[in-house]
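# Predicted model follows, preceded by the sequence.
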Amino acid sequence: MSRTILITGGSRGIGRATAIMAGERGWSVGVNYAGNEKAAQDTVDAVQKAGGRAIAIRGDVSREADVIAMFEAAEKAFGKLDGVVNNAGIVGEKQAFVDYSFERMKRIFDINVLGAYLVAREAARRMATSRGGRGGSIVNVSSVAPRLGAPGEYVDYAGSKGAMDAMTLGLARELAKDGIRVNAVRPGLIDTEIHASGGQPDRAERLGALTPMGRAGTAEEVAAAIVWLLEDSCAYMTAALIDISGGR
Ligand code: NAP
């Protein structure tokens, strides 16, 4: 069955891989991005080449007006949404907790927590059957960090993803009768550019080698689970937190 979805941070990494897999299924995809227009356009082209429809939608998830506008743009292009992938997220530089600046922590919580909550709220407002929506699936892209704590690297990031896990559980139970399923995937060390953005370009390869599987994961290995959670084949699954971490 065809789907209309919005992916925040859909231009690169896990979001991009998800967009392309959705395209392979013939779905319509709103590809949100923060600022890298070229990457977003590349992803849109790749989705279309794969057989789907796509548009690039610029917007910062930590800004309420941008979030509302990105949902409006996706619905204007493709009609009512069936699924939202709450994927945009950032890390800070590897740092000891005592050295964190207020600005660093605020940025992480603004994007990873407030941003994710705003996106989930907007998704719920539009997809809830009691509000005229047709139900749907919200997939939160969390992390294994809440259960590991990310000591010496980014404890603030781990906390932000813990807030996402709590939101997943609460929202899933609140929205179950509204036809909306809410689940989270919790990736481990995945080979994307996020590690370079935190000043550790070799992090996935270096630490991936220490995991039980002995390697980092790929964005596609996470995207496969996200796409499955968007489909009807797992219609009885909600309030699940799924680790994709090679056993880490
Ligand atoms: P990535 O390669 O760095 O890509 C990040 C994406 O998010 C880009 O499309 C970027 O857009 C977008 N973005 C960043 N800030 C944004 C904002 N304020 N508003 C809207 N979009 C924004 O990251 P990734 O590794 O794919 O990570 C995706 C998600 O998976 C994140 O939530 C991350 O925490 C989570 N995760 C990743 C790993 C991992 O090892 N990679 C592990 C666990 C969890 P631009 O291109 O415009 O910058």
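Ah, there it is.

# for the most centrally placed residue in the chain, what are its contacts?
The structure's the chain has its C-alpha centroid closest to Asn87; by C-alpha atoms, centre = their mean the separation is 1.4 Å. Contacts for Asn87 (C-beta atoms under 8 Å, 6 or more residues apart in numbering) come out as Ile7, Thr8, Gly9, Gly10, Ile14, Gly15, Thr18, Val139, Val141, Ile226. C-beta here means a position set from N, CA and C on the backbone, and glycine is covered the same way.

# Out of the residues you listed, name the ones that lie in strands.
Among those, the ones falling in strands (DSSP state E) are Ile7, Val139, Val141.

# Compare the residues you listed and tell me which is most surrounded.
Highest neighbour count within the ones in strands among the contacts of Asn87, by other C-beta atoms under 10 Å: Ile7, with 33 neighbours.

# Might one say that Thr192 is in contact with Ala204?
Yes: with contact defined as C-beta atoms under 8 Å, Thr192 reaches Ala204; the gap is 7.4 Å.

# ok so, going back, restrict the contacts of Asn87 to contacts with the ligand.
Among those, proximity to the ligand is found for Thr8, Gly9, Ile14, Gly15, Val141 (C-beta under 6 Å from any ligand atom).

# What separation do you get for the closest residue to the last one other than its chain neighbours and the ligand?
What it means is Val141. Leaving aside its sequence neighbours, Val141 sits nearest to Asn87 (C-beta to C-beta, 6 or more residues apart in numbering; 4.2 Å). Asn87 sits 5 Å away from the ligand, going by C-beta to the nearest ligand atom, to the nearest Å.

# Contact residues of this structure facing the ligand?
Going by C-beta under 6 Å from any ligand atom, the residues of the chain near the ligand are 8-9, 11-15, 32-36, 39, 60-62, 87-90, 111, 115, 141, 143, 187, 189-190, 192-194, 197, 204.

# Which of those fall within helices?
Among the residues of the chain next to the ligand, the residues falling in helices (DSSP state H) are Gly13, Ile14, Gly15, Ala39, Ile194, Ser197, Ala204.

# give me the number of residues near the last one?
One way to gauge burial is a neighbour count; for Ala204, by other C-beta under 10 Å, it gives 22.

# my read: it touches Gly188, true?
No: with contact defined as C-beta under 8 Å, Ala204 and Gly188 do not form a contacting pair (9.2 Å).

# neighbours around Arg248, how many?
18.

# contacting residues around it?
Arg248 touches Val144, Leu148, Gly188, Leu189, Thr211, Pro212, counting by C-beta under 8 Å, 6+ apart.

# From Gly92, how far off is it?
21 Å (C-beta to C-beta, to the nearest Å).

# Just the CA coordinates for the longest strand seen in the chain, please, in PDB.
Ranked by number of residues, the top strand in the chain under DSSP E is strand 180-187. Extracted C-alpha coordinates of strand 180-187, given in PDB (Å, rounded to 0.1, in the frame of the first residue of the first chain):
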ATOM      1  CA  ILE A 180      -1.700   6.100  15.600                       C
ATOM      2  CA  ARG A 181       1.100   3.800  16.500                       C
ATOM      3  CA  VAL A 182       4.300   5.300  18.000                       C
ATOM      4  CA  ASN A 183       7.500   3.300  18.200                       C
ATOM      5  CA  ALA A 184      11.200   4.100  18.400                       C
ATOM      6  CA  VAL A 185      14.300   2.600  16.800                       C
ATOM      7  CA  ARG A 186      17.400   2.900  18.900                       C
ATOM      8  CA  PRO A 187      20.500   2.700  16.700                       C
END
